[in-house]
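[1] based on what follows, work out the 3D shape:
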Amino acid sequence: MKKKLLLNSELSYVIARLGHMQTLVVADAGLPVPLGPQRIDLALTKGVPGAVETLRVILDEMQVEKVILAEEVQARNPEFLQAVQALLPGVAIQFMPHSSFKECTAGATAVVRTGEFAPYANVILVAGVVF
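    Prediction:
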């Protein structure tokens, strides 16, 4: 049995396959998932699992070089922004309009759909390297 926090086999496999600069999206329940990326649907019910909770577990296994957030998160969900900053101290954050953010998700390796019901609780994680 796997010893680390991340037990979801699909998600663990996707993270293991990521190369430098490839992306993984952690999405709230409402973000549209484009047809290209693999869809990993973790949503069980409203708020379960939450985006921050999911992000915390993913970060236990994934090296992140940069994150991308919708600029609307700054005014509409500052709690999520603060949580992302706390989980990824020193990691560069790029902001873009939500419409552009949604377009960027089409190039992701996978989109992880959570049960999060807060607005703009979406993040694109850009894979880094550990060396």
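
[2] how about Val57, secondary structure?
    Secondary structure assignment for Val57 (DSSP: H, G, I helix; E, B strand; the rest coil): helix.

[3] shouldn't it be in contact with Leu5?
    Yes - using C-beta atoms under 8 Å, Val57 is in contact with Leu5, at 4.9 Å. Bear in mind the C-beta positions are built from the backbone N, C-alpha and C, glycine included.

[4] between these two, which one's more packed in?
    The residue with more neighbours, out of Val57 and Leu5, is Val57; 17 against 11, by other C-beta atoms under 10 Å.

[5] now do the contacts for the more buried one.
    5-6 (C-beta atoms under 8 Å, 6 or more residues apart in numbering).

[6] could you say which helix or strand contains the spatially most central residue of the chain?
    For the chain, Val26 is the residue whose C-alpha lies nearest the centre (C-alpha atoms, centre = their mean; 2.4 Å). Following DSSP states H and E, one finds Val26 within strand 23-27.

[7] tell me the strands beside that strand, with direction?
    Strand 23-27 has the following strand partners under DSSP bridges: strand 110-113 (parallel), strand 123-127 (antiparallel).

[8] can I get those strands in CSV including mean pLDDT?
    CSV is the format used below for these (pLDDT from 0 to 100):
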stretch, mean pLDDT
strand 110-113, 98
strand 123-127, 98
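
[9] and the strands in the protein?
    Per DSSP state E, the chain carries strands over the ranges 23-27, 38-41, 64-70, 92-96, 110-113, 123-127.

[10] so which of the ones you listed comes closest to Pro78?
    Closest to Pro78 of the strands of the chain, according to C-beta to C-beta: strand 64-70, at 11.2 Å.

[11] mind listing what's buried along the closest one?
    Within strand 64-70, the residues scored as buried using 16 or more other C-beta atoms under 10 Å are 64, 66-70.

[12] quick one on the thing from earlier: chain center to the strand holding Val26: distance?
    From the chain centre to the centre of strand 23-27 is a distance of 3 Å (C-alpha atoms, centre = their mean, to the nearest Å).
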